[in-house]
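Participant: model this:
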Amino acid sequence: MSLRVDRLQSLREQKGYSQRELARLCDFGETTIRKYENLNTEPTTSSLKKLCEVLGVSSDYLLGLSDDPRGHFGDGTLSGDDEQVLNTLRREGWSGVARLSVERLSK
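Facilitator: As a prediction, this is how the structure comes out:
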């Protein structure tokens, strides 16, 4: 399955990132994004995940499986709190959700 480099480049430019800046934000080597955009290499699963997190889109969108940048959550049914819990779970696992819950309950 190939990365949609047109989408990667468009998202990068919309956010105002150079190739080098996006690579830095993703903790990649400084030429990695250029290699992806020039079809010299495909991202690993973990690199694709990091790209999606930094760009705020689903992997389905970057792979061309969906035209909705947010994937199946793009229907707007998630509240801000729901989205924060989901993103915390994806980044930090259940311990992050527990931390977030404690923070919210102490307010």
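Participant: which element is the residue nearest the centre of the chain on?
Facilitator: Within the chain, one residue has its C-alpha closest to the average C-alpha position: by Cα atoms, centre = their mean, that is Cys52, at 1.7 Å. In the assignment (DSSP states H and E), Cys52 maps to helix 45-55.
Participant: average model confidence for whichever helix or strand comes after that helix?
Facilitator: Once the chain leaves helix 45-55, the next helix or strand it forms, by DSSP H and E, is helix 59-62. The pLDDT scores in helix 59-62 average 93.
Participant: hmm, Ser47 and Lys35 touching each other?
Facilitator: No - using Cβ atoms under 8 Å, Lys35 is not in contact with Ser47; the gap is 10.8 Å. C-beta here means a position set from N, CA and C on the backbone, and glycine is covered the same way.
Participant: what's around the closest residue to Val5 other than its chain neighbours, how many residues?
Facilitator: The shortest distance from Val5 to any non-neighbouring residue, by Cβ to Cβ, 6 or more residues apart in numbering, is to Glu37 (5.0 Å). Neighbours of Glu37 under the rule other Cβ atoms under 10 Å: 16.
Participant: phi and psi next, for Glu37.
Facilitator: When read as degrees, to the nearest 10, the backbone of Glu37 gives phi -70, psi -20.
Participant: kindly report the same for Arg91.
Facilitator: According to degrees, to the nearest 10, Arg91 has phi -80, psi -40.
Participant: spit out the contact partners of it.
Facilitator: The neighbours of Arg91, taking Cβ atoms under 8 Å, 6 or more residues apart in numbering as the test, are Glu53.
Participant: ok, so what distance separates it from Ser2?
Facilitator: Distance, Arg91 to Ser2, using Cβ to Cβ, to the nearest Å: 26 Å.
Participant: which residues are contacting the helix holding Cys52?
Facilitator: 3, 8, 11-12, 15, 22, 25-28, 32, 43, 58-59, 61-63, 90-91.
Participant: for the chain, what are the low-confidence residue spans?
Facilitator: The model of the chain has pLDDT under 70 over residues 1, 72-78.
Participant: residue ranges for the helices of this structure, please.
Facilitator: 5-14, 19-25, 32-37, 45-55, 59-62, 80-105 (DSSP state H).
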